[in-house]
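**Q** Following is a predicted model, sequence given first.
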Amino acid sequence: MSQIYTDAQVQKFRDGSDPLNYPNTDWPKLALKKTALQNQHSLSVNGGSENVKYYVSLGLLGQDGLYKNGVTHYDQYNFRSNIDANVTDRLKVSLYLSGREEDRLYPSTSAPNLFRSIYRAYPTVSAYFPNGKPTYGIEGNNPVLQATDIGGTTRNPTQVFNGILKASYSIPGVRGLSLDGFVAMDKSWSFNKAFSKPYVVYQYTASTGVYSPVVVGGSSGLATLYETQLNRSLLTENIKLNFVRGFGDHHINAFVAYEQAETKQDSLAAFRLNFPTQLTPELSQGGSAATDDGTAGSSYHFTRKSYIGRLAYDYKEKYLLEAQMRIDGSSTFPAGKQYGHFPSVSAGWRISKEDWWKDVAAINDLKIRGSYGTLGNDNVGLFQSFDNYSFNNMYVLGGSIHPGVDLIKLANPNITWEVAKKLDLGLNAVFLDHFTLEFIYFQQKRSDILTPRNASIPQLTGIVNPYGSDALVPSENIGKVNSNGFEATLGYSNSTSGGFHYGISGNLTYAKSKIVFIDEAPAVLSYQKQTGRPINTYLLYNTVGIFRSAADLAKYPHLANAQAGDLIYQDVNGDGKITADDQSRSKYGNIPEITYGVLLNASFRNFDLSAVFAGQTHVSQYVLPESGTIGNFYSSWADNRYSPSNTNGSYPRVDDRASSSVNGGLYNNSFWLNNASFLRLKNLEVGYTLGAPVLTKLRISSVRVYANAFNLFTITKVKDYDPEGTVNSGASLYSASGQFYPQQRIVNVGVNVRF
């Protein structure tokens, strides 16, 4: 009821008669382009003889960002060279080399911060004053400027190289016996240079007519430079003895193999502050004070060893049996815990191969199969078997300052592999000549998941980490999560006598997870526990409506000082009060239980068409807009909010700050839990291949002209952010508010020429 602007002032915002004092700014329109260009080119050559074959390709890619006058750009150059040679009748050697050069350029403001600025910027603040001076924006953030290089840039050149040397040798004397192996090297070098410089914006005081300059960006009014170098390498070596042979109707395919891999990473970082000039963005040119520079660095060395064996047998391709054993060792784990044993077995029956099946004309092919086995995971944090220390405190000894070594994580000398036991039961069929069907039921039981034991450790033990929120106690192999579901694919294809071919295929996956054990305090209420529920569920107050009158306030239990327009929270435990005990777990988390897709393809003479639809359901995303005096309001909230003149509004009343509102961040609630289901046209492509008679004269074997598009449209109930975006439970403020760089709708037009 306390209006900030009079009706006359609102009219000035509306008609634009006084843009200096009453601007009406469309920040997304000013900061973002409707289209951004990209280009992609590739050239490939292949050929050779019977004994030596080669393939060489070159490519380049360029992409612009979505920002108007933005500095964001990406360039990529890539190559590939494959050579396969028959040295002798028994010895074959192959060399595959590939690499790419990536060059990324960004403004000094990150994408999440930039989109946060766009969302938060008031429409009552200009990007530029009528005299052309840039404005202060909101809290010094003007996204129209932040997208440019005015505040500096971050350049990230990266080089990636992959090389594989392969060889195979057919051993004489034993038919079907061969030896093969490979050595693979993967290396990457990534350099990051972020030069942040100050720039001047202005604040206008209407009463005096004065434009006051304000310096933003950089540090203390001067430029800063941060540089990092990250080098990674992976060396993999594999040798395998194979035996493949048929004995009449019996066929055997077996091998034993040894593989080892070594991963190394080195990182180096340095910074320099207080540059006397912005013209020399080099580490050697910064401030000279002792606190104006610093360095950091780290490295790790990680190895694996694996012993693998497999025996596969089939009889007339009708009865199929396979057994496999892996023994994997990882340097992630301490001595005595490094090796895990992971066996598996599978079997199949090609029913349609049976003699008695010949009379079943409707089903052309039918196979049932099943498998059971275990897998191991060592992709966990390194050095957990050691006490972890850090330099956090300084001490004065003998009149001088010395760094102190502080314990930040206790060791767990017993950590080992996480284990997954997997069961698959499947059916494959071809029926009525045109239909294909695949159905798989799966079950997975994950155990020995590394997770900290925090909730069951009493606080009186004093086991706390004084140097951060991370737990002092180490992770243990105590977590258990089960999941089960099914995958189904049904396809149909057909061709007509007129040369028209078409096909459609649909797939559906249902996967439900359940936390079997996670360390939760014994006192946790049953409806608040994570145990027994899907992973990544939310703990929220359940909303059952909006208080619209004094009668509603008298009817429902409510928070102290609740008023009309506030959300009604359910009194879950029925004690007549709204307390923390009334929070409950959401039904779904941010991982969809159901994903599905549809693939369409058709061709007629020289034309071809394909489309891919993808979707998800049974999934929730918690997104609370960062609104109020701290930022703008989404129109979905502002236009539909409760107010004395709109008592039937579908949104709660607006507040000074959503993150600290009783309808928002103070009481995280189900009102802001969105149904993140969607159906999206992921890809659409149409092409035309030119006829051969025209091309023969030009010595061209084929030409195909095509156009394709990605993310053309989306059907969803989510209005204010991309339902496929990177929002997650426990997310940062930016992603939990839907403030992230969105997926783009991409349209390409191209031509493919073969000589």
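**A** Sure, I can see it. Numbering: from 1, shown residues only.

**Q** these two touch, right, Gly499 and Ala602?
**A** No - with contact defined as C-beta atoms under 8 Å, Gly499 does not count as touching Ala602 (11.4 Å). Heads up, the C-betas are built off the backbone N, CA and C, glycines and all.

**Q** more neighbours, the two?
**A** Applying other C-beta atoms under 10 Å to Gly499 and Ala602 shows that Ala602 carries more neighbours, namely 15 against 10.

**Q** for the more buried one, helix, strand, or coil?
**A** strand (DSSP: H, G, I helix; E, B strand; the rest coil).

**Q** Could I get the contacting residues of it?
**A** If a contact means C-beta atoms under 8 Å, 6 or more residues apart in numbering, then Ala602 has 500-503, 608-610 as its contacts.

**Q** Can you tell me how far it is from Ala611?
**A** Here the distance between Ala602 and Ala611 works out to 9 Å (C-beta to C-beta, to the nearest Å).

**Q** now do Tyr706
**A** 13 Å.

**Q** Who has more neighbours out of these two?
**A** Using other C-beta under 10 Å as the criterion, Tyr706 and Ala611 rank with Ala611 on top: 19 against 15.

**Q** Wait, that one touches Arg680, no?
**A** No - using C-beta under 8 Å, Ala611 is not in contact with Arg680, being 11.5 Å away.

**Q** Just grab the bridge partners of Ser493 for me.
**A** Gly503 (DSSP bridges).

**Q** Which ChimeraX command selects the buried ones in the contacts of Ala602?
**A** In ChimeraX, selecting the buried portion of these, with burial taken from 16 or more other C-beta atoms under 10 Å, looks like this:
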select :503,608,610
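
**Q** From the chain's centroid, how far away is stretch 712-723?
**A** 18 Å (C-alpha atoms, centre = their mean, to the nearest Å).

**Q** Can you list the buried residues in it?
**A** Buried-residue list, stretch 712-723, by 16+ other C-beta under 10 Å: 714, 716, 718, 721-723.

**Q** model confidence over it, on average?
**A** Here stretch 712-723 scores 91 as its mean pLDDT.

**Q** got the CA coordinates for it in CSV?
**A** This file holds the C-alpha atoms of stretch 712-723, laid out as CSV (Å, rounded to 0.1, in the frame of the first residue of the first chain):
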residue,chain,number,x,y,z
LEU,A,712,13.7,-25.4,-32.0
PHE,A,713,10.9,-25.5,-29.4
THR,A,714,10.1,-26.8,-25.9
ILE,A,715,6.8,-27.7,-24.3
THR,A,716,7.0,-27.2,-20.6
LYS,A,717,5.3,-25.6,-17.6
VAL,A,718,8.5,-23.9,-16.6
LYS,A,719,8.4,-20.3,-17.7
ASP,A,720,11.4,-18.5,-16.3
TYR,A,721,14.4,-20.7,-17.0
ASP,A,722,15.5,-23.6,-19.1
PRO,A,723,14.2,-26.9,-17.5
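
**Q** Would you mind pulling the contact partners of that stretch?
**A** The contact list for stretch 712-723 (C-beta under 8 Å, 6+ apart) reads 616, 621, 623, 625, 634, 636, 674-681, 684, 727, 738, 740, 742-743, 745.

**Q** Stretch 193-204 now?
**A** Contact with stretch 193-204 is made by 20, 108, 129, 133-137, 140, 142, 145, 150-156, 210-219, 221-227, 275, 278, 281, as judged by C-beta under 8 Å, 6+ apart.
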